[in-house]
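**Student:** Return a 3D structure for these sequence lines:
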Amino acid sequence: MTQNKNVLIGYKLFFSLLGFSAIVTEIATIVERGRFNPANFFSFFTVESNVLAFAVLLLSAVAVAWGKNHKLDGLRGAVTVYMLIVGIGFSFLLAGLEGIALTAVAWDNTVLHYIMPTAMLIDFLIDRPKRTLAFKKFLYWLLFPVVYVAYSLTRGALTGWYPYPFLNPDTSGYGATAFAASCLLVLGVSLVWGVCKLSGRQKVA
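**Tutor:** The predicted structure is shown next:
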C-alpha cells in the first residue's frame, strides 16, 4: 500500500515538474529572443491551464502524502477538463495550421499540448475520487473557459492581439469565431460529463 502511494506521489510530482519546466523554458527562450510580453503569454489558455495543472498536481501529491486527496476532487476534475480542452482543441483547431508559431521550443509544444493533457487524464483515472462527482453540480467548471473566451475577445478588440486564430473575428469573421466558441462549449460540457462519469459511485451531497 505504501509503495503504491509513493508511486502515485512520484507520478504527480514528475508531471508537475515537467509542466513547470516547459512553461519556464518557454519564458526563458522568449525573453532571450527579446519578445516576451507577459500579458500576451499568460493570455493563452494553454499556458493558464498548464500552470493550473502544475499547481494541482503538486498540491495533490502533498494531499496524497497527508491522506487528504479527496479534498481536491473537484479541483482535480476541473483542471482535467481544462487540459483535455487544450489537447483536443489543439488537435482539431491548431495542429493542422501552417505558419503559426505555437511554442518557442519544439519539445514544449509536445509537452504542453499532448503529454500534460494525457498525464492529467491518467492521474484522474489512477487516483479516482471515491465519490461520484455529480454532472449538474460541477457544470460550474465551465465558468473558467467561458470567461476566458469573453476576456480574449474583449482584450483582442482593445489591443488588436488575439491568442488564437479561431478567436480572431478580424481574420476568421464573427460567424466562424462564434461557431468555434460554440464547439468548444459543447466539448467542455461533454468533458465535464465524461470526467464526472469516471469518478466513484457515491454521489457528492
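
**Student:** my guess is residue 125 contacts residue 199, does it?
**Tutor:** No. Using Cβ atoms under 8 Å, residue 125 and residue 199 do not qualify as a contacting pair, with a distance of 10.2 Å. C-beta coordinates here come from the backbone N, C-alpha and C atoms, glycine included.

**Student:** Neighbour count: those two, which is higher?
**Tutor:** Remark: of residue 125 and residue 199, residue 199 carries more neighbours, 22 against 10, as counted by other Cβ atoms under 10 Å.

**Student:** Roughly how far does that one sit from residue 192?
**Tutor:** 11 Å (Cβ to Cβ, to the nearest Å).

**Student:** Just checking, which helix or strand of this protein averages the lowest pLDDT?
**Tutor:** Every helix and strand in the chain was compared by mean pLDDT, DSSP states H and E; the lowest is strand 202-203, with a mean of 46.

**Student:** Return the residues in contact with the residue sitting nearest the centre point of the chain.
**Tutor:** Note on the chain: the residue nearest the mean C-alpha position is residue 83, at 2.8 Å, using Cα atoms, centre = their mean. Neighbouring residues of residue 83 by Cβ atoms under 8 Å, 6 or more residues apart in numbering: 49, 50, 53, 116, 117, 120, 121.

**Student:** ok, and for stretch 129-144, which residues are buried?
**Tutor:** Using 16 or more other Cβ atoms under 10 Å as the test for burial, stretch 129-144 gives 129, 132, 133, 138, 141, 142, 144.

**Student:** Only C-alpha atoms, please: export it in CSV.
**Tutor:** Only the C-alpha atoms of stretch 129-144 are listed here, as CSV (Å, rounded to 0.1, in the frame of the first residue of the first chain):
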residue,chain,number,x,y,z
PRO,A,129,-12.4,10.2,-6.5
LYS,A,130,-14.2,7.7,-4.3
ARG,A,131,-17.4,9.7,-4.5
THR,A,132,-19.2,10.4,-7.8
LEU,A,133,-18.9,14.0,-9.0
ALA,A,134,-22.5,15.0,-9.9
PHE,A,135,-22.6,16.4,-13.5
LYS,A,136,-25.1,19.2,-12.9
LYS,A,137,-23.3,20.3,-9.7
PHE,A,138,-19.9,20.6,-11.5
LEU,A,139,-21.0,22.4,-14.6
TYR,A,140,-19.6,25.5,-13.0
TRP,A,141,-16.2,24.2,-14.0
LEU,A,142,-17.0,25.7,-17.4
LEU,A,143,-17.0,29.3,-16.0
PHE,A,144,-13.3,29.5,-16.5
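
**Student:** residues in contact with it?
**Tutor:** Contacts of stretch 129-144 (Cβ under 8 Å, 6+ apart): 70, 73-74, 76-78, 81-82, 185, 188-189, 192-193, 195-197, 199-204.

**Student:** buried ones in stretch 70-80?
**Tutor:** Neighbour-count burial for stretch 70-80, counted by 16+ other Cβ under 10 Å, picks out 72, 73, 74, 76, 77, 78, 79, 80.
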